[in-house]
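Q: pasting the structure only:
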């Protein structure tokens, strides 16, 4: 069984009944599991985490679009978070037994149906993107819903699927495929924010560090310590233990110790199992040796 | 959902059709998954790995006993591996969402029914054992099937359940609960067997090392290197990364490097996730942060 995660972000975070109705439309699809819903009133946005195989996830996303279009009107929407559409962004994320290419195919297939069925322009992003200009969500979303009509008159911003002008109330949507994002923080046994900032700069991509690391230094005032706060955007290519070792090593330069690290939210088991494998110098280890993986495979055989 | 592993060892490894029939009796129980069957002709023994929740596993073990009793006769059985009965040993192993105490209760409940229904004396072992004398399988099995009649005349060897003399063709059986066993080897970049043996002696319980480690030094002649070959019998109390670090540290004394390590067979994800957590100094990490755990929980909710 393939496990794909799908994390639709919708532009509604203030009316709980509306959010619940939209979530229900998606979770009712057989074969789809709802893992999490988190709403933010100041952002006026909700993040919905679903998991399942390709076909049910596509059906769930379509049901979610239908429900969201009936209830969300971007012409009157306000909120702190940038957004382009009623269903703002839909990433598909490979978790287990599925390749990134398969998630890209699912993203394109879903995007095409969304464009055709709902008359919404769709941009593909991240691994599904065909153009470097449209790889990053921030670039696609620049100008937001309010600037979309003007932006779309430029040839550069013709959508990948759907009509060539915005949907009147739902704007446009961004669909794609990406690796799971791991929110990973390392706490330092010091209150020196300059050290946290220098280490963040050393390990993050934007200033010459690892390709799949975003990082900043922050102060944890209540604890009197500082933190290197990171997003790891591809744990296969920039593994968690390599980042940990690099931060530890950089900290040593400043005579500072690592106090602890923390994972915020969910992490794929593979990210931790890979870390253990590296540290233990495990040779020829494969995921079928993990008892739970074997168990899941036997479940699938039983279902055949 | 609780995941319990159950690993019946039966005294038949030469007649594949007989083994298949006995395995089928167990796997046909709904809710039981067959993970592995491995037969050894010289041992004349097969090891069957099942997984599931308590009730289906008990039913599967009873079905397995019934099938094994019909086909295996210890009075004519030969083989290199020591054995006491047709179904020789049945350990229940906690994997996920279940405590050792619950596995002990399952072992006792199953043992009682086996004793009553099939007229087979049953000894409890490992975590289920009530007496230090009968904790180790080797002690219970000493004298084997052939010596069982005499052994059982001693008050010390009155069984925990079932009749006080051997079953005529099926002998006695040993049922209990234990932690998962991890077969873990560390290869050294040397051909000096004395170094492997000294390190094995340093880390194993029997000569003063870690409580839950069995170890020996062996030569891998085809590769021209040596290996510290280990069984880790409780990865929660003697974790895998601690053993790795100890072996690495001991090897340094002899100017020897660790080449690699390897896990043979299956390992619970928790053993590797714990290792990663330790190495990354993860703070406040809990298993519900592992995406696959959350996914399994949502499956269970869906089944309610």
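A: Nice, thanks for sending it over. Predicted model only: the values in this text are computed from it and were never measured.
Q: Now do the strands for the stretch 1-150 of chain A: every range, in order, please.
A: Per DSSP state E, counting those that start in this stretch, the stretch 1-150 of chain A has strands spanning A:3-6, A:9-10, A:33-40, A:45-52, A:87-96, A:122-126. These are given in chain order.
Q: Looking at the ones you listed, which is nearest to residue B:121?
A: Smallest distance to residue B:121 across the strands of the stretch 1-150 of chain A (CB to CB): 45.1 Å, for strand A:87-96. Every C-beta, even on glycine, is put in place using the N, C-alpha and C of the backbone.
Q: and the residue of the stretch 1-150 of chain A found nearest chain B, how many neighbours?
A: The nearest approach of the stretch 1-150 of chain A to chain B comes at residue A:33, 4.1 Å away (CB to the nearest CB). A total of 21 residues lie near residue A:33 under the criterion other CB atoms under 10 Å in any protein chain shown.
Q: rewinding a little: among the strands of the stretch 1-150 of chain A, where is the model least confident on average?
A: Mean pLDDT is lowest for strand A:33-40 out of the strands of the stretch 1-150 of chain A, coming in at a mean of 89.
Q: contacts for it?
A: Strand A:33-40 is contacted from outside by A:5, A:12-14, A:16, A:19, A:23, A:26-27, A:45-52, A:81, A:266, B:291, B:294-295, B:298-299, B:302, using CB atoms under 8 Å, 6 or more residues apart in numbering or on different chains.
Q: Mind listing the strands it pairs with, and their directions?
A: Each strand that pairs with strand A:33-40, with its direction, by DSSP bridges: strand A:45-52 (antiparallel).
Q: what sits up against the strand it pairs with?
A: Identification of contacts with strand A:45-52 by CB under 8 Å, 6+ apart yields A:3-13, A:19, A:22-23, A:26-27, A:31-40, A:57, A:60, A:64, A:79, A:81, A:83, A:88, A:95, A:266, B:295, B:298.
Q: from the chain's centre, how far out does that strand sit?
A: Relative to the centre of its chain, strand A:45-52 is centred 10 Å away, using CA atoms, centre = their mean, to the nearest Å.
Q: Determine the angle, from 0 to 180 degrees, between that strand and strand A:87-96.
A: Put simply, strand A:45-52 runs at 30 degrees to strand A:87-96, going by axes from the mean of the first three to the mean of the last three CA atoms, to 10 degrees.
Q: So is whichever helix or strand residue A:226 is part of next to chain B?
A: Counting by DSSP states H and E, the element that carries residue A:226 is strand A:225-232. No: on the criterion CB under 8 Å from any CB of the partner chain, strand A:225-232 is out of touch with chain B, staying 11.4 Å away.
Q: in chain A, what secondary structure element scores lowest on mean pLDDT?
A: helix A:291-303 (a mean of 70; mean pLDDT, DSSP states H and E).
Q: Quick check: residue A:254 touching residue A:192?
A: Yes: using CB atoms under 8 Å, residue A:254 makes contact with residue A:192 at a distance of 7.3 Å.
Q: tell me which residues form a beta bridge with the residue nearest to residue A:93 when sequence neighbours are not counted?
A: With CB to CB, 6 or more residues apart in numbering or on different chains as the criterion, residue A:93 has its nearest non-adjacent residue at 4.1 Å, and that residue is residue A:5. Beta-bridge partners recorded for residue A:5 (DSSP bridges): residue A:51, residue A:93.
Q: The one 5 residues further on now?
A: Beta-bridge partners for residue A:10, by DSSP bridges, are residue A:46, residue A:87.
Q: contacting residues for it?
A: A:19, A:22, A:45-46, A:48, A:64, A:68, A:72, A:86-88.
Q: now do residue A:2
A: Neighbour list for residue A:2: A:53-54, A:96-98, A:102 [criterion: CB under 8 Å, 6+ apart].
Q: What is the burial count for the residue in the stretch 101-250 of chain A that chain B sits nearest to?
A: Going by CB to the nearest CB, chain B is nearest to residue A:244 of the stretch 101-250 of chain A, at 5.1 Å. Residue A:244 has 22 neighbours, counted by other CB under 10 Å.
Q: Can you read off the pLDDT for it?
A: So residue A:244 comes in at 96 (pLDDT).
Q: Return the residues in contact with it.
A: A:186, A:258, A:261, B:279-281.
Q: And it, which helix or strand is it part of?
A: Per DSSP H and E: residue A:244 is located in helix A:240-253.
Q: just the angle between the very next helix or strand once past that helix and strand A:225-232, please?
A: Using DSSP H and E, the helix or strand that follows helix A:240-253 in sequence is strand A:258-264. Using the same axes, to 10 degrees, the direction of strand A:258-264 lies 40 degrees away from that of strand A:225-232.
Q: does the helix or strand following strand A:258-264 come close to chain B?
A: Per DSSP H and E, strand A:258-264 leads on to helix A:269-279 as the next helix or strand towards the C-terminus. Yes: Helix A:269-279 lies within reach of chain B by CB under 8 Å from any CB, at A:269, A:272-273, A:275-277, A:279.
Q: and if you look at stretch A:250-266?
A: Yes: counting by CB under 8 Å from any CB, chain B has neighbours in stretch A:250-266: A:258-263, A:265-266.
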